[in-house]
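A.B. asks: I would like the atomic coordinates for the input below:
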Amino acid sequence: EVLHREVTDAVVAATGPRDQSAVACKLNLAKVLLAGGKLTEAEQLHREALDFMTETFGANSPTTMSCKHTLATVLVQNGKVDEAEELHRDLCAMSQATFGGHHP
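C.D. replies: All right, here's what the predicted structure looks like:
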């Protein structure tokens with residue numbers, strides 16, 4: 001975790017917090033935090049990433065939808081099942097609208 005924080009902090013300092021590389025580092029840190037049971041901090045980093053992805057790529061981008069799915073998974077692990085279900089329902093509707101009914 002310490003190394004991931006150091007790298008994330010260095011990249012954010014060099015590129016700014018809204019840079020794609022910085023967001024990727026934050027997501028990597030979030031994975032480590034999640035594995036270490038630090039669910040609240042992992043959730044916050046995933047929320048920040050989802051905001052960035054939505055602004056950068058649009059709500060219906062596959063990248064954004066993947067990020068939203070990961071956040072929903074984190075929410076389930078954090079005991080926020082209702083919010084996770086809402087995100088998954090949104091994802092189902094978005095996927096159908098974006099890819100059609102025959103997309104896996």
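A.B. asks: elements contacting the lowest-mean-pLDDT helix or strand in the chain?
C.D. replies: Using mean pLDDT, DSSP states H and E, the weakest-scoring helix or strand in the chain turns out to be helix 81-99, at a mean of 90. Contact analysis of helix 81-99 by 3 or more Cβ pairs under 8 Å, 6 or more residues apart in numbering; DSSP states H and E lists helix 62-77 as its packing neighbours. In short, each C-beta sits where N, CA and C put it, glycine included.
A.B. asks: Okay, the nearest residue to residue 61 once chain neighbours are set aside and residue 27: tell me how far apart.
C.D. replies: In space, and not counting its chain neighbours, residue 61 is closest to residue 53: 6.9 Å by Cβ to Cβ, 6 or more residues apart in numbering. Separation of residue 53 from residue 27 (Cβ to Cβ, to the nearest Å) stands at 10 Å.
A.B. asks: And the contacts of the least confident helix or strand of the chain?
C.D. replies: Helix 81-99 has contacts (Cβ atoms under 8 Å, 6 or more residues apart in numbering) with 59, 60, 62, 65, 68, 69, 71, 72, 73, 75, 76, 103.
A.B. asks: Out of the residues you listed, which is nearest to residue 15?
C.D. replies: Using Cβ to Cβ, residue 71 comes nearest to residue 15 of the contacts of helix 81-99, at 22.4 Å.
A.B. asks: mind giving me JSON lines with the contacts of helix 81-99 and columns for distance to residue 43, neighbour count and pLDDT?
C.D. replies: Below are these laid out as JSON lines (distance: Cβ to Cβ, whole Å; neighbours: other Cβ atoms under 10 Å; pLDDT from 0 to 100):
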{"residue": "59", "distance to residue 43": "20", "neighbour count": "14", "pLDDT": "90"}
{"residue": "60", "distance to residue 43": "23", "neighbour count": "13", "pLDDT": "88"}
{"residue": "62", "distance to residue 43": "22", "neighbour count": "12", "pLDDT": "89"}
{"residue": "65", "distance to residue 43": "18", "neighbour count": "20", "pLDDT": "92"}
{"residue": "68", "distance to residue 43": "13", "neighbour count": "21", "pLDDT": "94"}
{"residue": "69", "distance to residue 43": "14", "neighbour count": "16", "pLDDT": "94"}
{"residue": "71", "distance to residue 43": "7", "neighbour count": "22", "pLDDT": "96"}
{"residue": "72", "distance to residue 43": "11", "neighbour count": "22", "pLDDT": "96"}
{"residue": "73", "distance to residue 43": "10", "neighbour count": "15", "pLDDT": "95"}
{"residue": "75", "distance to residue 43": "7", "neighbour count": "22", "pLDDT": "97"}
{"residue": "76", "distance to residue 43": "11", "neighbour count": "15", "pLDDT": "96"}
{"residue": "103", "distance to residue 43": "28", "neighbour count": "8", "pLDDT": "62"}
